[in-house]
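Colleague: Sequence first, predicted coordinates after that:
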Amino acid sequence: MTYSFDVSRPLWLIGCGNMAGAMLSRWLETGLDPAAVTIVDPNRAEAPGGVRLLAAAPEDEAPPAMLLLGVKPQTFPAIAQQLAAAVGANTTVVSIMAGVDVKTLTGAFAGAKAVVRLMPNLPVALGKGVALLCGPESARLQVEALAAPLGLALWVNDEALIDAGTAVSGSGPAFVYRFIDAMATGAEKLGFASEDAERLALATVEGAAALAARADESPAVLADRVASPGGTTRAGLNVLDADAAIFDLVHRTLQAAADRAAELAAEARKA
Ligand SMILES: NC(=O)C1=CN([C@@H]2O[C@H](COP(=O)(O)OP(=O)(O)OC[C@H]3O[C@@H](n4cnc5c(N)ncnc54)[C@H](OP(=O)(O)O)[C@@H]3O)[C@@H](O)[C@H]2O)C=CC1
Ligand SMILES: O=C(O)[C@@H]1CCC=N1
C-alpha cells in the first residue's frame with residue numbers, strides 16, 4: 001500500500017494535536033510526502049520538516065483530496081461552516097472526532113465526495129494502534145492506504161460500533177495505563193522502590209500483551225495457564241474474580257466512555 005497524496009492531491013489536517021499528530025508522525029515515517037500535507041492549527045508553533053503550517057484553512061486554493069478533522073468535538077460546530085467552503089466534490093472528509101456522527105458530518109459537508117469516521121488511538125504512532133473505520137465502499141481504498149500503517153484497521157458497517165470502539169480502543173490505552181499505574185503502586189506497597197515498581201509493571205504488561213497477541217489461546221486460557229493449582233496466581237485471581245469484580249469494573253468503565261460519546265454526538269447535532 002502506498003500513499004496517493006502529493007502536492008497535486010494534498011491532505012489537510014484540521015487540528016493537529018496529540019492524536020492527529022501521532023497519526024502524522026507515523027505517516028511521515030512510512031513514506032508520506034511531507035509536501036503533500038498542510039496542518040491548519042491556529043496556535044501550533046511548528047510542523048514536522050516539509051509540512052506546511054497555517055493558522056486557518058486557505059480560501060484561495062483548490063480543495064484537498066482529503067481533509068482530516070482532528071479538532072475536539074466541542075470545537076467542530078464553530079468551524080464547520082467555514083471548513084465546508086474548503087471542501088470540494090473530490091474531497092474525502094475523514095473525522096477522528098469522538099461522538100460526532102456521520103449524519104452531522106454529511107450535513108456539514110454536503111458537497112464532499114465521501115465522509116468517513118476513523119477512530120484511532122495513540123499507539124498508532126508506533127504502527128501498533130487501532131483504526132476503526134466506517135464509511136462508504138467508494139472511499140475505502142483511499143482511506144485504507146492511510147489506516148493500514150497505523151496498526152489494526154477494522155471497517156465496521158454499523159456506525160454505533162465506532163462509538164462503542166471509541167470506548168474500547170480509542171480510550172482504551174488510558175485504561176491500560178491506569179492498570180499499569182495501579183500495578184506499580186501495588187508493587188511499591190510490596191516493597192519495591194518507585195522506579196523499579198513502574199519498570200516491573202510496564203515490562204509485565206508489555207510481555208503479557210505480546211505473548212497474548214501471538215498465542216493461539218484466549219487471554220482467559222492464558223490466565224489459567226499462569227495459575228498453578230493452589231498457587232500464588234490463583235490467590236490473586238480469586239480477588240479479581242470475586243463477584244466478577246474486574247469484569248464489572250471494566251464494563252462500567254467502557255459504558256461510561258460510550259455514554260459520553262453519545263453525549264458528544266448529541267451536543268454536535270444541536271450546535
Ligand atoms: N487523544 C486521543 O487518544 C484520541 C483522540 N481522538 C479525537 O481526536 C481529536 C483531537 O483530540 P486530541 O488530539 O487529544 O486533542 P488536542 O487538543 O491535542 O488536539 C486538537 C488540536 O486542534 C487545535 N485546534 C483548536 N481549535 C482549532 C481550530 N479552530 N482549527 C484548527 N485547529 C484547532 C488545538 O489547538 P489548541 O490546543 O491551541 O486549542 C489542538 O492542537 C478529538 O476529536 C478526539 O475525540 C480520537 C481518538 C483518540
Ligand atoms: O477522551 C476522548 O474523548 C478521546 C476520544 C478517545 C480518546 N480520547
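Modeller: Cool, the structure landed. Ligands and ions are numbered 1, 2, ... in the order given.

Colleague: Run a quick neighbour tally on the closest residue to ligand 1 within the stretch 151-271 of the chain.
Modeller: The minimum distance from the stretch 151-271 of the chain to ligand 1, using Cβ to the nearest ligand atom, falls at G170 (4.0 Å). Glycine gets a C-beta too; all of them are placed from N, C-alpha and C. Number of residues near G170 (other Cβ atoms under 10 Å) recorded here: 24.

Colleague: Confirm for me that it is in contact with N121.
Modeller: Yes. Using Cβ atoms under 8 Å, G170 is in contact with N121, at 5.4 Å.

Colleague: Near the closest residue to ligand 1 within the stretch 1-150 of the chain, how many other residues are there?
Modeller: Minimum separation of the stretch 1-150 of the chain from ligand 1 (Cβ to the nearest ligand atom) falls at G17, amounting to 2.0 Å. When neighbours are counted by other Cβ under 10 Å, G17 registers 14.

Colleague: Give me the phi and psi for the closest residue to it other than its chain neighbours.
Modeller: Distance criterion Cβ to Cβ, 6 or more residues apart in numbering; nearest residue to G17, sequence neighbours excluded, is G70 at 6.7 Å. Here is the backbone geometry of G70 (degrees, to the nearest 10): phi -110, psi 20.

Colleague: What parts of the chain come near ligand 2?
Modeller: Contact residues, the chain versus ligand 2 (Cβ under 6 Å from any ligand atom): 98, 166, 170-171.

Colleague: now do 8 Å
Modeller: 19, 72-73, 98-99, 119, 121, 166-167, 170-171, 173-174, 257, 260-261, 264 (Cβ under 8 Å from any ligand atom).
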